[in-house]
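Engineer: Fold the stuff below for me.
(2 chains)
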Amino acid sequence: MSVLIPDSVENIRRPNVFRRLLGNPMAVGSMVLIAAVIVLGLLAPVLSPHSPNFSSLDAVNAPVGTPGYLLGGDSSGRDIFARLLASVNTAMLSAITGVAVALLIGIPFGLISGYAKPRTDSVFSWVFNLLMTFPALVLLIVAFPITGGSYVVMMAIFGFLFSPSIFRLVRNLVVAVKRELYIDAARVSGLSTARILRRHILPAVRGPIVITASFLAGVAIAVQAGLAFLGLGTNDVPSFGSMTADAFANLYVYPIQFLWPTIMLAILSGGFVLIGNGLRDALEDSSLAPTKALRPSNPEARHATARAPHGPAQTSEGPSPLLRIRNLRVSYPTTGGQMKQVVNGISLDLNAGGVLGLIGESGSGKTQTAFAVLGLLTQEARVEADEFTLDGHDLLSGDAGDLKRLRTSLLAYVPQEPMSNLAPSFTVGAQLVEGIRATKGGTKREARQLALDLLRRVGIVDPARTYRSYPHEISGGMAQRVLIAGAIAAGPRLLIADEPTTALDVTVQAEILDLLRNLQTDLSMSVLLVTHNFGVVADLCDEVAVMRSGEIVEAGSYRNLYRHAEHVYTKQLIGAILDEDTYRTDPVATSAYPDHSEGSVGR
Amino acid sequence: MIAFVLRRIATGVVLLFVVTTLTFFTIQLADIPVARNILGSSATPEQVAALNAQLGLDRSALEQYWSWITAAVRGDFGVSYFTNEPVAAALENRLPVTLSIVLLALIFTVVFSLLLGVTAASRAGGTVDRVLQAVSTVSYVFPPIILGILLVLVFSITLHLVPATGYVPIGTSFIGWFGSVLLPAVTLMFASIASVAGQIRGSMIDELRRDYVRTLRSRGVPEGTILLKYTLRNAASPALTTLSLQFIGMIGGALFIERIFALSGFGTYSFNSAVQGDLPAILGVVTFSVILVVIMNLLVDLVNGWLNPKARIQ
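Structural biologist: Predicted coordinates for the structure are as follows:
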């Protein structure tokens, strides 16, 4: 079962990114407003009757709407409207200068650093990481003497000081893209480095750069305003910062003068950031939308229902079984608003002490079924069934807390990947104790003793040492033993193991299967074993249910099924058992069902 | 452990050296007529030359640099060209103001980012998530200077809750001190919360999808324990990095904010020295700022090592 990792590089070229951006009202509003403000700034000479620096005694603090002074005059008798429009140009030029310098420094060095040999990379990365810890704003203020008061020079320094954000972005993206196979292919086919960078890598990093540049533009405008507010810069260039400073001095008397630069700064500085946000959301959304999980279910799968067999696992009607499932459906909402069903109405019974193998390929719905029993599906999953009971208790109704207690006291879960199922920052012992105290209460000391006993019980030679270890200090096989110890801590009646040996070395696999078999007998637990491997089923299970495309296609005792499998898919699974007696002569399983290997929901 | 700390301090010294050296020679490039500025336009060339010699400005840039750096290593940051006040003493007097604002803003940022980030992650799309978005949007739309003035307008001028200007030392009155630095700290906090809480939210959501979370859930470990003890610990690392970058930004941001609240911290000092080209004062400001950054980075590294056993061992 694959975890779906959004391919952030690919989806930048998906055409729906722009459409998604247009669906974001904040971003669209920002774009419209920014465009309008820019046009106002460009039309300044036409629109404003006065030059922004022309001052008239008559206009000192003139109220809004004074003829010729649309927004009134400031404390020096200058036209606020004219200064506002001129300030737009100052702000835009600041943004363009700052962003351009940051890009001009960040992109080339990022491309080289990401693509070059590790030594070059580490030198460049070190330099830019150091630059990143410069107190940039402090340096911008103290560098004032060398700017000669020019805000363009100041913003060029801003671009230099903020170039690490671009550098790091580009470098990390290039390192990620470089590992893609198509880049290897391009290199093998003889393309020059420069050409690969230009043709293949640059397009892939374009989207994120645009986003960061948009953020940076917003920051640049705010910083320029701040510098001008402090009075760093020539007086003859109007800017929002100097206007704010003028208005601030007048704040008690004419607070309205403060309003105009505030509105403009909000539109420009905030707008660029909101556009950047919108773009990022659009890119992230598009990477989530067309996941494997949302493919339409295959019509062939429906067809198979008719042949759902009458194996004993499904129809045994004796004393109430430990786990009883009738017509279980699991579905997930899609982005289109419909529900996509991944388990299509399966039924099975598991008696106390029984061992049932649930077998099928990735995406057959077997793990979804197991998680539905365990109550570990993600929140958006919808679980429905005609009957879904554990030890006679309905799992679909009742208080959530009660259900959780019922499950943790009766069920145990052994996962597939031992390493990722241990929290990396906590010792093995601490995690065991956490689970023990959650179910059994008791003191820390009792829990510790029980944890040590359990570790010994699962065959760990030096329990005290393992107890103290962090997950990265133990082997995969040992980690799986630890997880089994944690699972059986509460004395469960049903152990659900999800591909418990898939991630392990072959020799370790046998040991873990032995351990599970012993525990099953000693503790007289039931076991629901989820696997894609008939060999594992052969080792442990009495009963087998074969799943494909969210349905049980065949079920029965292991012996029966092995000898008289009816369904072609079952035969293929059996044929796939590898041992010294059997040669694999059948066609590869997927060739008969070209479409079925995918359809899993990322767990 | 000690080796690790020493290595980080060594990196800090390199940073300090690079930044001060860069600053020194860049400002030298500007070739500011310091003596002429001090004496005014009526001074004779002889008077200017005499003052230049007195200040040591007649020496080559390298000589001046050497004498500055050898003195600075001993803790002597020289004397301001313009006020004759020793730079170190001036900065020490102003440090409490700037540090009060920045540290309070840092504490606010940590507390609110944790509250908002963790809650938003555990209920993505919920009320708290929307509050976080609103806070972020406010910080994007209003640059710090505007936000600061707005806060003054609302809380000082209109509601009279806190004084608009002035600094009260913490030794004089805690309440008075708190009132005098509250608004500046809140102003600085907004921008940092947007990125730190956003980072916490994002990495918490990623972390909650990890396999070990499901395993802990299967053993009945309460959701609150999983959230606060397990996932937060792993999600805290990237958030701490963001926080240390935000702290660097806060030191600079404080210089702007101080102007609004008429606080005499590093802000006015660095502004005046920058405009006058007062090189010893400028270098003093830069040195103190970088030292603050280095201390913060060291603390973040130590906390990271404590949070993450793998980092601790290496």
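Engineer: Show me which residues of the stretch 351-500 of chain A sit near chain B.
Structural biologist: A:374, A:376, A:404-405, A:407-409, A:411-413, A:415, A:417, A:420-426, A:431, A:434-435, A:438-439, A:470, A:472, A:483, A:486-487, A:489-490 (Cβ under 8 Å from any Cβ of the partner chain). From N, CA and C alone the C-beta is placed, and that goes for glycine too.
Engineer: Ok, the stretch 101-250 of chain A next?
Structural biologist: A:130, A:132-146, A:148, A:218, A:221-222, A:225-226, A:229-232, A:241, A:244, A:248.
Engineer: From these, list the buried ones, please.
Structural biologist: A:132-146, A:218, A:221-222, A:225-226, A:229-230, A:232, A:241, A:244, A:248 (16 or more other Cβ atoms under 10 Å in any protein chain shown).
Engineer: domains for chain A, by residue range?
Structural biologist: A:87-288, A:350-366+A:391-602 (automatic domain parsing).
Engineer: Pipe the ones you listed into TSV and attach distance to residue A:59 per row.
Structural biologist: Below are those laid out as TSV (distance: least, Cβ to Cβ, whole Å):
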stretch	distance to residue A:59
domain A:87-288	12
domain A:350-366+A:391-602	65
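Engineer: can I get these in a markdown table with mean pLDDT?
Structural biologist: Formatted as a markdown table, those follow (pLDDT from 0 to 100):
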| stretch | mean pLDDT |
| --- | --- |
| domain A:87-288 | 87 |
| domain A:350-366+A:391-602 | 84 |
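Engineer: wait, residue A:51 sits on residue A:83?
Structural biologist: No - under the criterion of Cβ atoms under 8 Å, residue A:51 makes no contact with residue A:83, lying 9.6 Å away.
Engineer: between the two, which one's more packed in?
Structural biologist: Ranked by neighbour count (other Cβ atoms under 10 Å in any protein chain shown), residue A:51 and residue A:83 place residue A:83 first, with 29 against 15.
Engineer: right, and the helix or strand after the helix or strand containing that one?
Structural biologist: Using DSSP states H and E, residue A:83 sits within helix A:80-115. Using DSSP H and E, the helix or strand that follows helix A:80-115 towards the C-terminus is helix A:118-132.
Engineer: what packs against the next helix or strand after that following helix?
Structural biologist: Next in sequence after helix A:118-132, counting helices and strands by DSSP H and E, comes helix A:136-142. When contacts are defined as 3 or more Cβ pairs under 8 Å, 6 or more residues apart in numbering or on different chains; DSSP states H and E, helix A:136-142 sits against helix A:151-178, helix A:202-230, helix B:2-30, helix B:232-260, helix B:266-276, helix B:279-307.
Engineer: Repeat the analysis, applying 7 Å as the threshold.
Structural biologist: With contacts taken as 3 or more Cβ pairs under 7 Å, 6 or more residues apart in numbering or on different chains; DSSP states H and E, helix A:136-142 sits against helix A:151-178, helix B:232-260, helix B:266-276, helix B:279-307.
Engineer: Now render the ones you listed as TSV, adding distance to residue A:87 and mean neighbour count.
Structural biologist: Listed next are these as TSV, based on distance: least, Cβ to Cβ, whole Å; neighbours: other Cβ atoms under 10 Å in any protein chain shown:
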stretch	distance to residue A:87	mean neighbour count
helix A:151-178	11	22
helix B:232-260	18	23
helix B:266-276	21	23
helix B:279-307	29	21
